[in-house]
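Participant: After the sequence you'll find the predicted model.
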Amino acid sequence: MGQGDIARCYRTMSAEERRTFDRWLKLNAAGGLIIAAGLVAMAVVGSNSAGPREATLANNGSASELVASEKRHKPSGVSARQEVALPEGVR
């Protein structure tokens, strides 16, 4: 269906069919606008979500060294065994 066919088909529609088609077209345009706005909003939120650590990692040439040093300083998820000092005479 070429461009001229669509225009000719629209011209041959009755007034009620034109209103129905126009209403359908406007609803589709509004739905597309809502989806596009949602995508833009998600892109903006996603671009601002990187914190200072992520920005440092992205800009740092030696990112692997930074991550390795953080792993050394932060304990892993496994709890380390801690000794409890008991008062003398208590076992």
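Facilitator: Happy to help now that I have it. Because the structure is predicted, anything quoted here is derived from the model rather than measured. Numbers count the residues shown, from 1 in each chain.
Participant: what ranges do the helices span in this structure?
Facilitator: In the chain, the helices defined using DSSP state H lie at 3-12, 15-48, 52-59, 63-73.
Participant: quick one: average pLDDT of the third one?
Facilitator: In other words, helix 52-59. The average pLDDT within helix 52-59 is 62.
Participant: Please apply the same query to stretch 21-39.
Facilitator: So the average pLDDT for stretch 21-39 ends up being 97.
Participant: ok, and what's touching it?
Facilitator: The contact list for stretch 21-39, computed with C-beta atoms under 8 Å, 6 or more residues apart in numbering, reads 10, 13. In short, each C-beta sits where N, CA and C put it, glycine included.
Participant: ok, 10 Å please
Facilitator: Outside of stretch 21-39, the residues within contact range by C-beta atoms under 10 Å, 6 or more residues apart in numbering are 9-10, 13.
Participant: mind exporting it as PDB, just the C-alpha atoms?
Facilitator: Listed in PDB are the C-alpha atoms of stretch 21-39, where the atom choice follows Å, rounded to 0.1, in the frame of the first residue of the first chain:
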ATOM      1  CA  PHE A  21      -9.400   6.400  12.700                       C
ATOM      2  CA  ASP A  22      -8.300   9.900  13.900                       C
ATOM      3  CA  ARG A  23      -9.100   8.800  17.500                       C
ATOM      4  CA  TRP A  24      -7.100   5.600  17.100                       C
ATOM      5  CA  LEU A  25      -4.200   7.600  15.600                       C
ATOM      6  CA  LYS A  26      -4.200  10.100  18.500                       C
ATOM      7  CA  LEU A  27      -4.300   7.300  21.100                       C
ATOM      8  CA  ASN A  28      -1.400   5.600  19.400                       C
ATOM      9  CA  ALA A  29       0.600   8.900  19.300                       C
ATOM     10  CA  ALA A  30      -0.100   9.500  23.000                       C
ATOM     11  CA  GLY A  31       0.900   6.000  23.900                       C
ATOM     12  CA  GLY A  32       4.100   6.300  22.000                       C
ATOM     13  CA  LEU A  33       4.900   9.600  23.700                       C
ATOM     14  CA  ILE A  34       4.400   8.000  27.100                       C
ATOM     15  CA  ILE A  35       6.700   5.200  26.300                       C
ATOM     16  CA  ALA A  36       9.300   7.500  24.800                       C
ATOM     17  CA  ALA A  37       9.200   9.700  27.900                       C
ATOM     18  CA  GLY A  38       9.600   6.700  30.100                       C
ATOM     19  CA  LEU A  39      12.700   5.600  28.100                       C
END
